[in-house]
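[1] Below is the structure, and that's it, no one-letter string:
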């Protein structure tokens with residue numbers, strides 16, 4: 001581990017944490033922070049989630065609820081006004097969220113003799129009336145280790161079907177990819193992979209861009225309907241996730257939020273991607289193998 005590298009990522013994340021805490025009533029432009037750190041917004045949010053244990057949006061919502069709890073306990077402000085400050089346009093929505101977090105209604109919380117303001121958070125960052133934002137505690141791996149290898153990857157020529165919309169609907173693009181390839185390609189293509197371009201927290205769900213793709217040799221003719229892309233070759237870190245696709249988000253968070261900052265490596269410019277070594281069509285979901293790749297300097 002190189003301490004200066006981990007410190008580099010901790011400083012980036014700490015700055016973002018402080019901006020969230022200092023601007024609870026504003027929409028933050030966290031993409032600017034990512035650009036200044038020479039990271040894509042997608043990579044930045046994965047690192048943030050992995051180190052903090054929450055996305056920036058989840059951190060904002062929790063701090064707003066803690067502020068609302070403090071206002072309920074320490075002031076006589078109307079619940080409706082507190083709800084608006086917490087980012088809720090409707091009293092009912094605020095009440096549901098507050099009850100989920102504090103196991104009582106806002107009115108019930110106000111009546112508690114010893115109200116507990118802080119909600120559980122491994123990062124240790126909480127709302128304070130004076131606006132002080134403490135240094136966050138990086139999420140502990142809990143003794144878990146990731147099996148990661150550093151590889152020299154070749155440039156990949158891929159034929160892709162672009163998917164616009166929620167990432168969990170990318171199977172539709174893979175279905176179209178299969179139809180186009182099976183109808184025209186006699187020889188079996190190479191690896192099947194997915195490339196995700198946008199951060200789902202800062203990009204509307206109906207605007208998220210991703211590619212369902214297959215690797216093709218340089219001399220192979222791509223079927224009509226596929227878009228050709230080149231994934232740069234170079235130095236990559238790889239880890240393998242074994243299990244359901246629904247758990248890939250957590251695997252990415254650990255990879256980029258725990259392993260990367262502690263590894264002494266830095267991200268290079270370029271897409272991360274995942275390669276599927278088997279499929280749910282022939283493998284139980286508990287035994288699905290997915291390789292995750294991130295580009296390194």
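    Great, that's in hand. Owing to the predicted nature of the structure, the values given are computational and were not obtained by experimental measurement.

[2] Which strand or helix spans residue 101?
    In the assignment (DSSP states H and E), residue 101 maps to helix 91-102.

[3] how about that helix: buried residues?
    Neighbour counts using 16 or more other Cβ atoms under 10 Å place 94-95, 97-98, 101-102 of helix 91-102 among the buried residues. In this view, the C-beta of every residue, glycine as well, is placed from N, C-alpha and C.

[4] mind putting these in JSON lines, pLDDT and distance to residue 79 included?
    Rendered in JSON lines, the data for these read as follows (pLDDT from 0 to 100; distance: Cβ to Cβ, whole Å):
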{"residue": "94", "pLDDT": "94", "distance to residue 79": "8"}
{"residue": "95", "pLDDT": "94", "distance to residue 79": "8"}
{"residue": "97", "pLDDT": "93", "distance to residue 79": "13"}
{"residue": "98", "pLDDT": "93", "distance to residue 79": "9"}
{"residue": "101", "pLDDT": "90", "distance to residue 79": "15"}
{"residue": "102", "pLDDT": "89", "distance to residue 79": "13"}
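
[5] Can you report how many residues neighbour residue 259?
    Around residue 259 sit 20 other residues, with neighbours defined as other Cβ atoms under 10 Å.

[6] Please read the previous query as pertaining to residue 241.
    20.

[7] Could you list everything it pairs with in the sheet?
    Here residue 241 sits in beta bridges with residue 290, going by DSSP bridges.

[8] ok, and what's touching the very next helix or strand once past the helix holding residue 101?
    Towards the C-terminus, the helix or strand next in line after helix 91-102, according to DSSP H and E, is helix 106-110. Outside helix 106-110, the residues that touch it by Cβ atoms under 8 Å, 6 or more residues apart in numbering are 68-69, 72-73, 79, 82-83, 94-95, 98, 102, 115.

[9] could you say what helices and strands the one helix or strand residue 47 maps to packs with?
    In this structure, residue 47 is located in helix 41-52 according to DSSP H and E. Counting contacts by 3 or more Cβ pairs under 8 Å, 6 or more residues apart in numbering; DSSP states H and E, helix 41-52 is packed against helix 3-22, helix 30-36, helix 56-74, helix 248-254, helix 260-263.

[10] Return the member of these having the minimum mean pLDDT.
    Lowest mean pLDDT within the helices and strands packed on helix 41-52: helix 30-36, at a mean of 76.

[11] Pull the residues that contact it.
    In contact with helix 30-36 (Cβ under 8 Å, 6+ apart) are residues 12, 15-16, 19, 40-41, 43-45, 56, 202.

[12] Now with 7 Å, please.
    Under the criterion Cβ atoms under 7 Å, 6 or more residues apart in numbering, residues 12, 15-16, 40-41, 44, 56, 202 lie in contact with helix 30-36.

[13] Scan these and report the most crowded one.
    Each of the contacts of helix 30-36 was scored for neighbours by other Cβ under 10 Å, and residue 44 scores highest at 27 neighbours.

[14] mind giving me the domain ranges of the protein?
    Per the record, the chain has its domains at 58-110, 148-295, by automatic domain parsing.

[15] just so I know, which of these lies nearest residue 125?
    Taking Cβ to Cβ, domain 58-110 is the member of the domains of the chain nearest to residue 125, at 7.1 Å.

[16] Okay, now the unreliable bits of the protein?
    1-6, 140-144, 185-188, 201 (pLDDT under 70).

[17] Please repeat the previous calculation with a cut-off of 80.
    Residues of the chain meeting the criterion pLDDT under 80: 1-6, 27-33, 35-38, 114, 122, 139-145, 168, 183-189, 199-205, 250.

[18] Surely residue 160 forms part of a strand?
    Yes. Judged by DSSP: H, G, I helix; E, B strand; the rest coil, residue 160 forms part of a strand.

[19] Wait, it touches residue 225, no?
    No. In this structure, residue 160 is not within contact of residue 225 by Cβ atoms under 7 Å, at 10.2 Å.

[20] Of the two, give the one with the bigger neighbour count.
    A count of neighbours by other Cβ under 10 Å puts residue 160 above the other of residue 160 and residue 225, at 20 against 14.

[21] List the contacts of the more buried one.
    Under the criterion of Cβ under 7 Å, 6+ apart, the contact list for residue 160 reads 211-213, 226-227, 229.
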